[in-house]
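Undergrad: Quick one, fold the following:
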Amino acid sequence: DGGVEGKISLGQAASTRMAGPPRAMAFEKIFLERLGAVTGYEVEGDTLRLWAGDNEALTFERHTGY
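TA: A predicted model of the protein is given here:
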């Protein structure tokens, strides 16, 4: 299948304490919480999935041609 998977620990991410629009601040909070909970990863093609236990925490896709 060509996929790669493994364990990873990113720890708690740091951020500035600057205020922004409420929606952006809410997104940042959730993003950093999920990032800090990551325990594993999976790469398949152009997709990177970060896992927190058995739950998919974050998904990233590579986009080319900008």
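Undergrad: Hmm, residue 50 and residue 7 touching each other?
TA: No - between residue 7 and residue 50 there is no contact under C-beta atoms under 8 Å: 11.3 Å. (C-beta placed from N, C-alpha, C; glycine too.)
Undergrad: Need the residues touching each of the two.
TA: 40-41 (C-beta atoms under 8 Å, 6 or more residues apart in numbering).
Undergrad: Neighbour count for those two, which is higher?
TA: Counted by other C-beta atoms under 10 Å, residue 7 and residue 50 do not tie: residue 50 has more neighbours, with 19 against 9.
Undergrad: mind checking the SS state of residue 41?
TA: strand (DSSP: H, G, I helix; E, B strand; the rest coil).
Undergrad: and if you look at residue 63?
TA: Of the three states, residue 63 takes coil under three-state DSSP.
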